[in-house]
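Participant: quick one: sequence and predicted model below, then my questions.
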Amino acid sequence: MSDKKVLTLQDISCMGQCSLTVALPIISACGVETIILPSAVLSTHTGGFKGYTFRDLTDDIPLIMNHWMSEGIKFDCLYTGYLGNIRQIDYVHDLKKNLMKENALFIADPAMADFGNLYAGFDRKFVKSMAQLCGYADIILPNITEAAFMTDSEVILDNHSEEYIDMLLSKLASLGCKAIILKGICYNDKEIGIVYYDCLTNKKEHYFTEKINTTAHGTGDCYAAAFTGSLIKGFTPFDAARLAADFVVECIKHTVNDKEHWYGVKFEQALPMLVSKLNK
């Protein structure tokens, strides 16, 4: 039986510990072969750095795809993160059609918003296209802001009610995806959590970790990578979701006391914990 291969499409922010610079090492540390398809190259991420460089690689995506097709290369999982424009979203459909094995998984992280706001350069048209893409996914990984934007709902960042979370899950499920992991749920001031929702069975499972009062770039990408890697290694979706949450907390704990390390989390120092739990 051949080892499984994950294809991940997102940008490379050379400095900043996010996107492909965390997806490749984290999924690889899980023992899963990881193939990258860069959507853009930036000198740094856009959250707090000034004067960063940006090179759009949208035109390269179909060229790389066509080469892989000519070589007969296929993948067991497609995991998408930050996509820079609607053309890239459209190319995801082509990748899914042409490069995925039968019964391959499609995991979509609609990385486009947080803290109540869209990332720079995105608009409602992009949100609509991302929501449509998520409708084709096996599992989507939105945070509260992304879920609210994709469902035309009010953005509530904390003090959530179960009715609000259930409403978001119901609207997200109506997009067409098979399962949802909704991140950033806060029912109280001490905990933050996720909910795994199976859209086919309506089964809902929560998991909470301690809430550390800090903000950190790249935690969503670290979560998605750890989730994808552990899922492909054989964890159930809910167990993978729990492990990814614990991993992100560990990443933050290694970073929170270093005020100079504001641009990301020290995920490298948390990798031993992730690998240890994967191997139990």
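Facilitator: Nice, thanks for sending it over.
Participant: please name the nearest non-neighbouring residue to residue 18.
Facilitator: residue 218 (3.6 Å; Cβ to Cβ, 6 or more residues apart in numbering). Every C-beta, even on glycine, is put in place using the N, C-alpha and C of the backbone.
Participant: burial count for the one you found?
Facilitator: A count of neighbours around residue 218, defined by other Cβ atoms under 10 Å, yields 23.
Participant: that one and residue 20, how far apart?
Facilitator: Applying Cβ to Cβ, to the nearest Å, the value for residue 218 to residue 20 is 11 Å.
Participant: again with residue 4
Facilitator: For residue 4, the distance to residue 20 (Cβ to Cβ) stands at 19 Å.
Participant: more neighbours: the two, which one.
Facilitator: More neighbours surround residue 20 than the other of residue 4 and residue 20, with 25 against 17 (other Cβ under 10 Å).
Participant: ok, for the more buried one, nearest residue in space, not its chain neighbours?
Facilitator: Using Cβ to Cβ, 6+ apart, the nearest residue to residue 20 is residue 12, at 4.7 Å.
Participant: before we move on, what about residue 162?
Facilitator: Sequence neighbours aside, residue 187 is the residue nearest to residue 162 in space, at 7.7 Å (criterion: Cβ to Cβ, 6+ apart).
Participant: so that neighbour makes contact with residue 158?
Facilitator: No - using Cβ atoms under 8 Å as the test, residue 187 is too far from residue 158 to be in contact (9.2 Å).
Participant: hey, where'd the strands end up in this protein?
Facilitator: Ranges of strands within the chain are 5-15, 33-44, 54-56, 75-80, 100-108, 113-114, 117-118, 139-140, 179-185, 191-198, 203-210, based on DSSP state E.
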